[in-house]
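Colleague: Prediction below, plus the sequence it came from.
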Amino acid sequence: MQVTLKVFRYNPEDDKKKHYDTFTLDAEPTDRVLDLLERIKGKEDGTLGFRRACAHGVCGSDAIRINGVNRLACKVLVQDLKSKTMLIEPILGLPIEKDLIVDMEPFFDHYRSVMPYFVNDDPPPKKERLQSPEERERFDDTTKCILCGACSTSCPSFWVNGKYVGPAAIVNAHRFIFDSRDQAAMERLEILNDQFGVYRCHTIFNCTDACPRDIQITQAIGEVKKAIMKGSVD
Amino acid sequence: MQKHQYEVLVVGAGGAGLTAALYASKNASTAVISKLYPTRSHTGAAQGGIGAALGNTEEDHPEWHAYDTVKGSDYLGDQDAIDFMAAEAVDAVYELEHMGLPFSRNPDGTIAQRPFGGHTNNNTGKPVRRACYAADRTGHMILQTLYQQSIKNNVIFFDEFYVLDLLIVDGRTAGVVALELATGEMHIFQAKAVIIATGGHGRVWETTSNAYSYTGDGVALTLRKGIPAEDMEFYQFHPTGIYRMGILITEGVRGEGGVLINGEGDRFMETYAPTVKDLASRDVISRAMYLEMKAGRGVDGKNYMNLDVTPEVVNHFSVIDGRTNPDGSPYRVTAGDILSKLPDIIDFCETYIGVNPIAEPMPVQPTAHYAMGGIPTNKYGEVVVDEKNTVLPGLYAAGEVACVSVHGANRLGTNALLDLIVFGKYSGLKAAEYAAGEPYTDLPSEPEAFAMKQLNDLRNSNGKENMVDIAAEMKSVMADHVGVFRVEEGMKEAVDKMAEIKERFKDINVDDQGLKYNMNLIEAWELSNLIDVANITAVSALARKESRGAHSRDDYPDRDDKKWLKHTLAWMENGGIRLAYKPVTITDYQPKARSY
């Protein structure tokens, strides 16, 4: 079948205004949108800029907007889309560097601000620290995050104010806050108990819809809010 | 152009690079240069587990792990290094756990372990639970945990910087030249020690589980500097990639009881590996699948097999195999068990092929997966450059890019993640130790000149060859002739074709002449790396006249220890390739016939 991709273009070097280029190409229903972008770059226009690595939804490189919603280009097939015409744009709320490539630094700055690492200052045991399957299950969902940015850049609160840490950072804080082995939950809750922390979330659920890993993000944010109110993670 | 100086530079930010950086940065000023954001590294795609004889649910010993690895390597692995890795494995896993890695857990709170191909109880020969796992995203959790710890420890990163040249002055490591992708600016990094941890090169082949970014950068970089590549003919084809796409379906599926079924409905591995069946090592299973398909027993007459992990089938064969739980009760699974242990596999199959593995089998075929060969090192990650294992001062390599060799002719599942952690650690420690006792080597004048000229020539390359076409030709030649089964004529043809492709590359067209995020230019550079690596793989393979591990020849079907129990070294010289050989280190285990 034939599909048409209307692709956002911007290259600050050649001083052209932001615009869209249209490409029409043959596609199989099972082609990934990423396959189509690769074909455009390989055969039609080598200057097209986008990121990709694993091509099967685990590295988080290729979050883009497809027909107005955030998706990984490698996890959407042509047959998943209602229309044979697709609008391809960079994710919103981060500075555009070139075509579909955005500056991820503000995103990672937020991530780094929530202590996204394990803290336990007790001397480690000789073997593993024990954790029951139930304790492990408590934070399983948020361990799946691949830091693609699809959630944060789908959030209207983040669009309005880029100082909001955003859903991805909260997800990664959640992953440690509810880990029975970790000792810094209170510090993270303090960080997120801020005007640019969890309270910017107005439960719009865009993030949950955008997550390519099916993480229940809005629920995780709710759990963090609740822990802040209770002053405890129990 | 900017200049930087660090005592230790790590190139690559996957499992090996991050581990190396964590250790080096304890004792030396350290920076990591990576062409990707660290969390995009291919370590994150590893699924099934990391091997360590913790013995959490049944008897196991590092010595068993070592023997299984030697046997899996078809006796080409260096046994001193294998003993070292297996012994270090237990502490490596505990250390990851202490860093917060969320392993799946046993009811008693210990790290959960599952069976994996080629890992056995050495007394009974039956599969042993040795693979420590976090559901089916163990690599993801390792990569995330190491990156998290890097943030905690203030490791310095140069993300999206692409290394173009390695600086070696008078036989000593002096630094690297790198391109900043965001600006197109050149950077010179002076360093006392450089650790190369750039991963593998599966993109040489048509069907692969590997990321786009797996383009053999490290091996090509060192080949260009006169450093040999070791055992490049040994490349692993994982038995279970999704049909036509190559996306990996973890061996953990079979660890949980899944079985391979041919087009006639038979569990064919019973014939090829009567003791461990579907948990034989990967080379054995990939070959069996090809033989089945060649005999017309592919599913629906096509070149794939069914991988079945539906509870009915798992339970049916568990009864036949007499498989038990650690407590001795019969092994039985429910749909819920499969879902909780293999969630990503189920997601991949549903997303890409519309198959629900809990209810129906997955169509699979062998997929190019892992490089056993690479930059030659000793067990401390020091790069060794000749038949006598002479160390090149200040240069280290770790992870898939390196050939220690612990994997020999065929790697066992779970040993790749282990390799990253163990040899990442020791290369980091050794590099920092070296840096503490050595001065910086003076850089030549205009150290960037060579890389700059090559890059600009390529940027302005306005020939008639399309790089996608050239890449497709390479992938198809390598898949046809330097794949699971090989013969003399085919490999000769591959060698000729690769020489042709190398010529054609000189007339390539690059569309993008810009500086900012010129991915077109980077991909052209990566393709030239792949071509060099493919070329050296084909030449190394053609020369080895025996079958061993992943190198399987129809015309020389047997292993020949008298002539070929040795490592290949291949140099890129004067436009050609020179081969030499060095002995395998044998300590405790004398080569013997290999059966599963």
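Modeller: Structure's in. What do you need? Numbering: from 1, shown residues only, chains lettered A, B, ... in the order given.

Colleague: In chain A, what residue lies closest to chain B?
Modeller: residue A:118 (2.4 Å; CB to the nearest CB). From N, CA and C alone the C-beta is placed, and that goes for glycine too.

Colleague: Give me the nearest residue to that residue, chain neighbours excluded.
Modeller: residue B:100 (2.4 Å; CB to CB, 6 or more residues apart in numbering or on different chains).

Colleague: SS state for that neighbour?
Modeller: Judged by DSSP: H, G, I helix; E, B strand; the rest coil, the three-state class of residue B:100 is coil.

Colleague: And for residue B:332?
Modeller: Going by three-state DSSP: residue B:332 is coil.

Colleague: In contact with the residue nearest to residue A:138 when sequence neighbours are not counted, which residues?
Modeller: What sits nearest to residue A:138 in space, not counting adjacent residues and going by CB to CB, 6+ apart, is residue A:178, at 4.9 Å. By CB atoms under 8 Å, 6 or more residues apart in numbering or on different chains, residue A:178 lies in contact with A:138, A:139, A:142, A:185, A:223, A:233.

Colleague: Check what pLDDT residue A:234 gets.
Modeller: Note on residue A:234: pLDDT of 82.

Colleague: So what's the residue count around it?
Modeller: Applying other CB atoms under 10 Å in any protein chain shown, we find 4 residues neighbouring residue A:234.

Colleague: Which helix or which strand is home to it?
Modeller: Assigned by DSSP states H and E, residue A:234 falls within no helix or strand.

Colleague: just residue A:64 next, same as before
Modeller: Judged by DSSP H and E, residue A:64 forms part of strand A:63-66.

Colleague: what is the mean pLDDT for that strand?
Modeller: On average, strand A:63-66 scores 98.

Colleague: I'd assumed residue B:92 was in a helix, is it?
Modeller: Yes: assessed by three-state DSSP, residue B:92 belongs to a helix.

Colleague: Return the residues in contact with it.
Modeller: B:50, B:52, B:418, B:421, B:422, B:425.

Colleague: Check the gap between it and residue A:130 for me.
Modeller: 19 Å (CB to CB, to the nearest Å).

Colleague: Give me the nearest residue to the residue of chain A positioned farthest from its centre, chain neighbours excluded.
Modeller: The centre of chain A is farthest from one residue, residue A:126, which by CA atoms, centre = their mean lies 36.7 Å away. Computed as CB to CB, 6+ apart, the closest residue to residue A:126 that is not its neighbour in sequence is residue B:94, at 7.6 Å.

Colleague: Ok, residue B:374 next?
Modeller: The nearest residue in space to residue B:374 (CB to CB, 6+ apart) is residue B:403, at 4.2 Å.

Colleague: From residue B:522, how far off is that neighbour?
Modeller: With CB to CB as the criterion, residue B:403 and residue B:522 are 26 Å apart.

Colleague: between those two, which one's more packed in?
Modeller: residue B:403 (28 against 21).

Colleague: Buried residues of whichever helix in chain A runs longest, list them for me.
Modeller: Counting residues, the longest helix found in chain A (DSSP state H) is helix A:217-230. Of all the residues in helix A:217-230, those buried under the rule 16 or more other CB atoms under 10 Å in any protein chain shown are A:217, A:218, A:220, A:221, A:223, A:224, A:225, A:227, A:228.
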